[in-house]
Structure formats: C-alpha cells, structure tokens
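Peer 1: Okay, here's the prediction I keep looking at, along with the sequence it came from:
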Amino acid sequence: MTTATDNVTLSVWVKWNGGTGEQLILYIGHSGYNGYGMMLHTGNNMRITLIYGGIRFSNSGVALNVRQWTHLAAVRRKGTWELWVNGLSVAISNSSTTPVIPSPSVAIGFNFNGWVDNARIYERALSVNELEVLAAN
C-alpha cells in the first residue's frame, strides 16, 4: 500500500475472458474519489485505460486478447504516466494527469471478467529493463 503520487509502478498479469462494462484490474485508493489504477473502460471501447480518482482517464488504443495472459504495468515517472503491455511501452492520452493522494485501500479484479495474478505495487518507477524482465517471467 502506498500514498505515492509519483515515481510508482503498478504491475499485474491478466487473462481476460471478454465482455463489457467497467472492469477494474488494479487500483490504489477509492476509485470514485482518489488514487489511480488500470481498468478496461467502456468509454474507450474496452481498451486498457488508466483511471485517476474515477473522474479522469488516460486512454490507450490497446485491447486485451481474449483468454491470453498479458502483462500490464502503469508507471508514473517524474510526473508522466506510462503504460506498458508485455514489456512494450504504448501511447496513452493525458499522460501528465496528477492523481489525488490515494486512500489506504487496494482493489484487485473488481468486476474483471477473467483472472488477475501477481499484482504488485512498487513505491518507485521501475526501469525499462525491470519492466521487460517482469513481462518475460
């Protein structure tokens, strides 16, 4: 659990079964008021989205493959958000959004249609090499 809003990493493996609706993958804080995390968002055609306090979003153009394990990482490094999918950096919108300090709670896989495994929260921004190693293992 962390209250960090910068230099932080969320890392998780997911296997999605498909479907619709808001599907939270990993979130630190209260998703309606503070904090940050990853989700599949209907407003982004079920693509991977970073969410901040339930009101601001950074959308990607990346959709998860159904029934395939995928490694995801959200990194905030020196004031900028990054999204990593299977060890590769992918473009997101609104990458400089600053989150509100998270409350002391963590949600893993809320309404997620599939499996979530090996969820990790790091109180630092992992290096590119570290992200590649996580995605390879």
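Peer 2: Cool, got the structure. Every value quoted in this text rests on a predicted model; they were computed, and no experiment measured them.
Peer 1: Toward the C-terminus, what is the element adjacent to the helix or strand of the chain with the lowest mean pLDDT?
Peer 2: When the helices and strands of the chain are scored by mean pLDDT, DSSP states H and E, strand 56-63 comes last with a mean of 88. Sequence-wise, the next helix or strand downstream of strand 56-63 (DSSP states H and E) is strand 69-77.
Peer 1: which strands and helices sit next to that next one?
Peer 2: strand 8-16, strand 36-41, strand 80-85, helix 128-136 (3 or more C-beta pairs under 8 Å, 6 or more residues apart in numbering; DSSP states H and E). In short, each C-beta sits where N, CA and C put it, glycine included.
Peer 1: Would you mark the buried spots in the first one?
Peer 2: Translated: strand 8-16. Neighbour-count burial for strand 8-16, counted by 16 or more other C-beta atoms under 10 Å, picks out V8, T9, L10, S11, V12, W13, V14, K15, W16.
Peer 1: What residue, apart from its backbone neighbours, is nearest the most centrally placed residue in the chain spatially?
Peer 2: The residue lying closest to the centre of the chain (C-alpha atoms, centre = their mean) is M38, at 2.8 Å. Spatially, and ignoring its direct neighbours in sequence, M38 is nearest to I25 (4.3 Å; C-beta to C-beta, 6 or more residues apart in numbering).
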